[in-house]
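Enquirer: this one's structure only:
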Ligand code: ATP
């Protein structure tokens, strides 16, 4: 086994709060073990363009609390080509880099697996995405912060909804996964929650809203994940409900990219710190092709391919709790 002397770290795919805390952790763990560390700007594209920045412990001061990623993130079509990956490998060799820590989502991990198959290059993945849709960890970096941001925003919408007796449809992020919608919905006391994993049908929504009205509720919040299965986007949903329940004055709020930003929560900072340490230690032990994650509050490892192919299921108990709470 080749001794690991220099480790590169990069952020790839969609940015998420906590990525900076993870970069800091990787850099400081390298310093602790007296290894060199180098940052790669703009994910795989920066690897192809040799956009590197040597990092030491002092260079990552004051970033644990910052949202986004100091290394920038990007989506790289060039890395999807053999030629692009060859260039990336040449740059890694030229820079004497022995291993790579990738902070990103399943797409970034897929790129890592493809690269590893071709070049047998040591890689460890740290799950960083607000969607929480990665198998092998109960929490991805940024998810907890995004939940808190969504809950705070919905709380504010509730103030205006109740002042005007309005029904609000609030769209939150989650094209393929309803983790944010379900948890933020329960946390913010939503009347109904629409997620990609469950198609309860639009008629059920109408029935539920009718029932609420008859029980004396004058305002309501419906949380909708981007990828909900009603076949209608949030504006069409709102129109449909307004047509069928004219007693409601309906409004729509799309939270959008604000959910990705902001200072990471304490949970995300601690998670990032733990996962960064484990990622570097695994590389130093000669491991590769692994994602580090958290299960039952223990740092765990999952084969990268399994993490990509596996599926994180929604907590059905939370759906039941949500139903009971909207009584
Ligand atoms: P998010 O979950 O926030 O979208 P992600 O990591 O899944 O993050 P992607 O855009 O899917 O984001 O992937 C990031 C990058 O990984 C891509 O831009 C591409 O460079 C690389 N990548 C993804 N799939 C492959 C693949 N099959 N082969 C080579 N590279 C890939």
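Expert: That came through, no problem. Nothing here was measured: the structure is a model prediction, and the numbers come from that model.
Enquirer: Need the pLDDT of the closest residue to the ligand within the stretch 1-150 of the chain.
Expert: As assessed by CB to the nearest ligand atom, the ligand sits closest to residue 107 within the stretch 1-150 of the chain, at 1.9 Å. Where you see a C-beta, it was placed from the backbone N, CA and C, and this is true even at glycine. pLDDT for residue 107: 95.
Enquirer: ditto for the one 5 residues further on
Expert: Residue-level confidence at residue 112 comes out at 97, pLDDT.
Enquirer: host element of it?
Expert: Applying DSSP states H and E as the criterion places residue 112 in helix 106-119.
Enquirer: got the buried residues for that helix?
Expert: 106-113, 115-116 (16 or more other CB atoms under 10 Å).
Enquirer: And stretch 52-68, by the same measure?
Expert: Buried residues in stretch 52-68 (16+ other CB under 10 Å): 52, 55, 59-60, 63-64, 66-68.
Enquirer: of all these, which two lie farthest apart?
Expert: Within these, 52 and 67 form the most distant pair, 23.3 Å apart (CB to CB).
Enquirer: Would you mind measuring the gap between the ends of stretch 75-89?
Expert: With CA to CA, to the nearest Å as the measure, stretch 75-89 spans 18 Å from end to end.
Enquirer: re earlier: could you pull up the residues touching the residue of the stretch 1-150 of the chain closest to the ligand?
Expert: Shown in contact with residue 107 (CB atoms under 8 Å, 6 or more residues apart in numbering): 12-13, 75.
Enquirer: how close does residue 5 sit to residue 38?
Expert: Counting by CB to CB, to the nearest Å, the gap between residue 5 and residue 38 amounts to 11 Å.
Enquirer: same check, this time on residue 169
Expert: 46 Å.
Enquirer: Tell me where the model's unsure across the stretch 51-200 of the chain.
Expert: Along the stretch 51-200 of the chain, no part satisfies pLDDT under 70.
Enquirer: Run through the residues of it sitting next to the ligand.
Expert: 75-76, 79-80, 104-108, 110-111, 114, 129, 131 (CB under 6 Å from any ligand atom).
Enquirer: Of residue 169 and residue 38, give the one with the bigger neighbour count.
Expert: residue 169 (23 against 20; other CB atoms under 10 Å).
Enquirer: which parts of the host helix or strand of that one are buried?
Expert: Residue 169 belongs to strand 166-172 when assigned by DSSP H and E. For strand 166-172, the neighbour count (16+ other CB under 10 Å) marks 166-172 as buried.
Enquirer: how far out from the middle of the chain is whichever helix or strand comes after that strand?
Expert: Next along the chain after strand 166-172, taking DSSP H and E as the criterion, comes helix 179-187. Remark: helix 179-187 is offset 14 Å from the chain centroid, using CA atoms, centre = their mean, to the nearest Å.
Enquirer: so what secondary structure elements neighbour helix 179-187?
Expert: helix 143-164, strand 166-172, strand 192-194, strand 220-225, helix 316-325 (3 or more CB pairs under 8 Å, 6 or more residues apart in numbering; DSSP states H and E).
Enquirer: how about CSV for these, with distance to residue 250 added?
Expert: Shown next, in CSV, are the helices and strands packed on helix 179-187 (distance: least, CB to CB, whole Å):
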stretch, distance to residue 250
helix 143-164, 10
strand 166-172, 5
strand 192-194, 13
strand 220-225, 9
helix 316-325, 20
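Enquirer: where's the residue located most distally from the centre of the chain relative to the ligand, distance?
Expert: The centre of the chain is farthest from one residue, residue 214, which by CA atoms, centre = their mean lies 38.6 Å away. Here the distance between residue 214 and the ligand works out to 42 Å (CB to the nearest ligand atom, to the nearest Å).
Enquirer: Got phi/psi on that residue?
Expert: Main-chain torsions, residue 214, degrees, to the nearest 10: phi -70, psi -20.
Enquirer: Over to residue 44?
Expert: phi -60, psi -30.
Enquirer: The one 10 residues further on now?
Expert: Here is the backbone geometry of residue 54 (degrees, to the nearest 10): phi -60, psi 140.
Enquirer: And the closest residue to residue 197 other than its chain neighbours, how far from residue 196?
Expert: In space, and not counting its chain neighbours, residue 197 is closest to residue 314: 4.6 Å by CB to CB, 6 or more residues apart in numbering. Using CB to CB, residue 314 is found at 9 Å from residue 196.
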